[in-house]
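J.: Sequence and predicted structure below; questions after.
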Amino acid sequence: MNAIIFGAHGQDGYYLSRLLIEQGVDLISVGRYDPTLTDKADSYNIDISNSEQVFDLIKKICPTYIFHLAANSTTNHAAIFENHKTICTGSLNILEAVRLHSPKTKVFISGSGLQFINNGNPIKETDEFEARDAYSVSRIHSVYAARYFRSLGIQVYVGYFFNHDSPRRTERHMAKKIAEAVKRIGQGSDEKIEIGDMDVVKEWTYAGDVVEGVWCLVNQNNVFEVSIGSGLGYSIKDWLTICFNYIGKDWQAYVTVNKSFKADYKSLIADPSTLFSLGWTPTVSIEKLASMMLEDQK
């Protein structure tokens, strides 16, 4: 077995790479250089939006699996063309290359819980889409491409990701921003953490669990789209409490509220019942995730 991961060295690509190596899969990484995988994977630095480069790679490798994880995970409108090239054009390049040169390859394309209508209820993969921001536009486009190529006989899967974290996150993500500040405060810093709406509820699933869900999905042949999440919601205030309890301090002494901030949603939770029915469940609790991030357990 062999696999190509596009976006191999982002958070999800890192954990998926580790999983595939443990499973004995020969790995081809496409993305930024990562010295931790140098001896275990062939690495390519190609542009996923360049059809010639993508076609040449897939024709050469004819992989068992392709995982498309490449994206700039931001809803910022400024990233609209970057995400169009990476998510939309990238998906089309992969799928057409597979159709022409490696039709037995299984393809996984990552989606997002953000691309659905959000009325506060848990979101299932069968729910209706909503193009609520520039990021969602790209994600929706790639899913319709996946469905079209599935009608042409390509085994293409979509997993809709909800909030998931790990020590590999950057500080532009709330969980990491808080965890890094809490570490510094535990070492004596008197800094303040600015938070918007502390009552926003989302999932705090471990990225290593999420890629196990991806692996579960692509290794069966009957279900092709699922929501991948824990289905468990916690507020930002819950995360603050857990992290500050870890260092024995009261979060209220170190947090300021930006009252002008307006959250994109009040709740973003998956209905993962379809994936659960395939045999996957997450194993890392929010408390364990907090300890991993506070201790940098990668």
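T.: Sure thing, it's come through.
J.: okay, CA-based contacts and neighbour counts for the rest of this
T.: Noted.
J.: what's in contact with stretch 239-258?
T.: Stretch 239-258 is contacted from outside by 175, 178-179, 182, 186, 190-197, 286-287, 290-291, 294, using C-alpha atoms under 8 Å, 6 or more residues apart in numbering.
J.: Need the distance between the two termini of that stretch.
T.: Its first and final residues considered, stretch 239-258 spans 17 Å by C-alpha to C-alpha, to the nearest Å.
J.: Inside helices: which ones of the contacts of stretch 239-258?
T.: The members of the contacts of stretch 239-258 that map onto helices under DSSP state H are 175, 178-179, 182, 186, 286-287, 290-291, 294.
J.: same for the lowest-mean-pLDDT helix or strand in the chain, what does it pack against?
T.: None of the helices or strands of the chain scores lower by mean pLDDT, DSSP states H and E than strand 41-44, at a mean of 76. Strand 41-44 is packed against strand 26-30, with contacts defined by 3 or more C-alpha pairs under 8 Å, 6 or more residues apart in numbering; DSSP states H and E.
J.: can you point me to the longest helix in the chain?
T.: The chain, longest helix under DSSP H: helix 134-151.
J.: Can you name the next helix or strand after that helix?
T.: Remark: after helix 134-151, the chain's next helix or strand is strand 155-161, criterion DSSP states H and E.
J.: May I see the buried residues of that following strand?
T.: For strand 155-161, the neighbour count (16 or more other C-alpha atoms under 10 Å) marks 155-161 as buried.
J.: of all those residues, which two lie farthest apart?
T.: 155 and 161 (19.3 Å; C-alpha to C-alpha).
J.: so how many other residues sit close to residue 242?
T.: 18 (other C-alpha atoms under 10 Å).
J.: my guess is it is in a helix, correct?
T.: Yes - Residue 242 forms part of a helix when assessed by DSSP: H, G, I helix; E, B strand; the rest coil.
J.: pLDDT value on it, please?
T.: According to the prediction, residue 242 has pLDDT 97.
J.: measure it to residue 13 for me?
T.: In terms of C-alpha to C-alpha, residue 242 sits 27 Å off from residue 13.
J.: Next: residue 141.
T.: 22 Å.
J.: These two: which is more packed in?
T.: residue 13 (24 against 17).
J.: what's near enough to touch the more buried one?
T.: 5-7, 69.
J.: what bits of the stretch 101-250 of the chain have low per-residue confidence?
T.: The stretch 101-250 of the chain contains no residues with pLDDT under 70.
J.: make it 90
T.: 170-172 (pLDDT under 90).
J.: Do a quick rundown of the helices in this structure.
T.: Under DSSP H, the chain gives helices at 11-22, 51-61, 80-83, 90-101, 134-151, 174-186, 207-218, 236-246, 273-277, 286-294.
J.: could these go into TSV alongside distance to residue 28?
T.: Shown next, in TSV, are these (distance: least, C-alpha to C-alpha, whole Å):
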stretch	distance to residue 28
helix 11-22	9
helix 51-61	9
helix 80-83	22
helix 90-101	14
helix 134-151	22
helix 174-186	28
helix 207-218	16
helix 236-246	36
helix 273-277	26
helix 286-294	28
